[in-house]
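Chemist: sequence-free structure coming up:
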């Protein structure tokens, strides 16, 4: 649990994580295009709720959901979109945090 809190705290401080704090606009407006590309919507708000109810009983589940956010972003926006480029920054940060937390 402490490891997950550590990641949440560090990630939410970064500007490039902002687009992932809430559901994608595609989910708000029931965008048909969004749901043809993304089948398992995920965002940090959902992840925090899952954390609160005790879903993340291991770190792999947490990382799996975080990877869903990044995959969904790239599927919906395309690889060259600015928001998708933020995914690369997040992946780099996660790797740095993993090394720091060992």
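Modeler: It's in. All of these numbers come straight from a predicted model, not from anything done at the bench. Numbers count the residues shown, from 1 in each chain.

Chemist: report pLDDT for the closest residue in space to residue 38 that isn't next to it in sequence.
Modeler: Distance criterion Cβ to Cβ, 6 or more residues apart in numbering; nearest residue to residue 38, sequence neighbours excluded, is residue 72 at 4.6 Å. All C-beta atoms are positioned from the backbone trio N, CA, C, and that covers glycine. At residue 72, the model reports a pLDDT of 90.

Chemist: what does residue 66 give?
Modeler: On the pLDDT scale, residue 66 gets 88.

Chemist: with residue 51 instead?
Modeler: 92.

Chemist: tell me the SS of it?
Modeler: Of the three states, residue 51 takes helix according to DSSP: H, G, I helix; E, B strand; the rest coil.

Chemist: that one contacts residue 7, correct?
Modeler: No. At 10.2 Å, residue 51 does not count as touching residue 7 under the criterion of Cβ atoms under 8 Å.

Chemist: picking up where we left off before, which other residues reach the strand or helix carrying the residue nearest to residue 38?
Modeler: Secondary structure assigned from DSSP states H and E places residue 72 in helix 59-77. Residues outside helix 59-77 that contact it (Cβ atoms under 8 Å, 6 or more residues apart in numbering): 3-4, 7, 19-20, 24, 26, 33-34, 37-38, 40-44, 46-47, 50-51, 55-56, 83-84, 86-87, 90-91, 94.

Chemist: can you report how many residues lie near residue 52?
Modeler: When neighbours are counted by other Cβ atoms under 10 Å, residue 52 registers 9.

Chemist: break down the chain into its helices, ranges please.
Modeler: For the chain, the helices defined by DSSP state H occupy 2-12, 25-28, 32-37, 44-52, 59-77, 82-101.

Chemist: so which elements touch the third one?
Modeler: Helices and strands touching helix 32-37, as assessed by 3 or more Cβ pairs under 8 Å, 6 or more residues apart in numbering; DSSP states H and E, comprise helix 25-28, helix 59-77.
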